[in-house]
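1. only geometry, no sequence info:
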């Protein structure tokens, strides 16, 4: 399978991601989040091979006490590393509004995934484009508060 445009953006995301994560930790928001008018969190996962802490800035949507994130990575064809890390170890930390929250990731499936996906597309119409680019259903993940 050939690499699409989003896959070629991976080096840019690797460069910008740590800067955005630092902004979120310090200010509770990021410049990109402001530009796109989207709340952004930092998800800290454990690397499935390295065991090292990995930090990823992600757009999110609140659902009560839970947070919803989508593994779209701009429509890349490969599953995002943070999704694979959560599949290996669903315990993580979400940094939201400068607060570290322990969370447990639950990947949604079936009717629950479809209902949640439809609601998220209404909030973020752009993610439907990412799913089309990726050529696969994007993972929808609920981050349940563990406090």
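-> Here it is on my side, so go on. Everything numeric here is computed off the predicted structure, so don't read it as measured data.

2. which regions of the chain lie under the pLDDT threshold?
-> 1-23, 25-37 (pLDDT under 70).

3. rerun at 80
-> Scanning the chain for pLDDT under 80 picks out 1-38, 73-75.

4. check contacts around residue 70.
-> 59, 120, 124, 127, 130, 138-141 (C-beta atoms under 8 Å, 6 or more residues apart in numbering). For the C-beta atoms, the positions are set from N, CA and C on the backbone; glycine is no exception.

5. Recalculate using a threshold of 7 Å.
-> The contact partners of residue 70, by C-beta atoms under 7 Å, 6 or more residues apart in numbering, come to 120, 127, 138, 140.

6. which among those gets closest to residue 66?
-> Distance to residue 66 across the contacts of residue 70 (C-beta to C-beta) is lowest for residue 140, with 11.8 Å.

7. That closest one against residue 118, yeah?
-> No - counting by C-beta atoms under 7 Å, residue 140 sits too far from residue 118 to count as a contact (10.4 Å).

8. more crowded one of the two?
-> Taking other C-beta atoms under 10 Å, residue 140 and residue 118 do not tie; residue 140 has more neighbours (23 against 10).

9. so what's the backbone phi/psi at the residue lying closest to that one once chain neighbours are set aside?
-> Leaving aside its chain neighbours, residue 140 sits nearest to residue 108 (4.6 Å; criterion: C-beta to C-beta, 6 or more residues apart in numbering). Residue 108 adopts backbone torsions of phi -80, psi 150, taken as degrees, to the nearest 10.

10. how close does residue 108 get to residue 139?
-> With the distance defined as C-beta to C-beta, to the nearest Å, residue 108 ends up 8 Å from residue 139.

11. who's more crowded, these two?
-> Per other C-beta under 10 Å, whichever of residue 108 and residue 139 has more neighbours is residue 139, with 21 against 16.

12. on contacts alone, who are the packing partners of the longest strand anywhere in the chain?
-> Longest strand in the chain by number of residues, with DSSP state E as the criterion: strand 99-107. Here strand 99-107 touches strand 91-96, strand 140-145, going by 3 or more C-beta pairs under 7 Å, 6 or more residues apart in numbering; DSSP states H and E.
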